[in-house]
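K.L.:
I would like to see how this sequence folds:
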Amino acid sequence: MTILRLILPGLALLLGACASHEGLYEPSCIAFEGDRIALMDGRFEWQRFTDQRVVDDDGKIVKPFPGFPKTGTYKLMSGQLELVTAGNERLDNWFMVKKDGQNYLLTAKQHTTFINSGKLHECALRLSK
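P.N.:
Take a look at the predicted model:
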């Protein structure tokens, strides 16, 4: 019984820590175009959005981002997020950082800037509350 009292709280903390990065990441600014990435239970969905509408010669709306949304699995290793689609395509890596108690997903370029200056991109993807 004493062992269970020690193990169960530790297990709960571990599981809570593992899931603390999960949720929907959206631009941290007012954006009319950008990315949204949802992470949940080892799976991801990456959507792109825009307010721009393009119409073809037949009057039909042209899909602005062919191939999106993308879905698949993800792994988080030492702050690096590896996305692999259902078709086994490995996508560009994203980097997860925490600043001022908030989780952010950064592109490689944004991550390099953050490491060198400590500054986040003005529209970095932030975990929604």
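K.L.:
mind listing the strands for this protein?
P.N.:
For the chain, applying DSSP state E gives strands covering 23-27, 33-40, 43-50, 54-55, 61-62, 70-77, 80-85, 94-99, 102-106, 125-127.
K.L.:
for the first one, packing partners?
P.N.:
Helices and strands touching strand 23-27, by 3 or more C-beta pairs under 8 Å, 6 or more residues apart in numbering; DSSP states H and E, are strand 33-40, strand 102-106, strand 125-127. C-beta here means a position set from N, CA and C on the backbone, and glycine is covered the same way.
K.L.:
count the residues that sit near the closest residue to N103 other than its chain neighbours.
P.N.:
With C-beta to C-beta, 6 or more residues apart in numbering as the criterion, N103 has its nearest non-adjacent residue at 4.0 Å, and that residue is L127. Other residues near L127 number 20, with proximity taken as other C-beta atoms under 10 Å.
K.L.:
cool, A38 as well?
P.N.:
Based on other C-beta under 10 Å, the number of other residues close to A38 is 17.
K.L.:
contacting residues around it?
P.N.:
A38 makes contacts with G23, L24, Y25, F44, E45, Q47, as judged by C-beta atoms under 8 Å, 6 or more residues apart in numbering.
K.L.:
check what pLDDT it gets.
P.N.:
Per-residue pLDDT puts A38 at 98.
K.L.:
distance of it from K75?
P.N.:
As judged by C-beta to C-beta, to the nearest Å, A38 and K75 stand 16 Å apart.
K.L.:
quick check, central residue of the chain?
P.N.:
Using C-alpha atoms, centre = their mean, the residue of the chain that lies closest to the mean C-alpha position is I37, 4.1 Å off.
K.L.:
which one of the strands of the chain lies nearest to G118?
P.N.:
strand 94-99 (8.2 Å; C-beta to C-beta).
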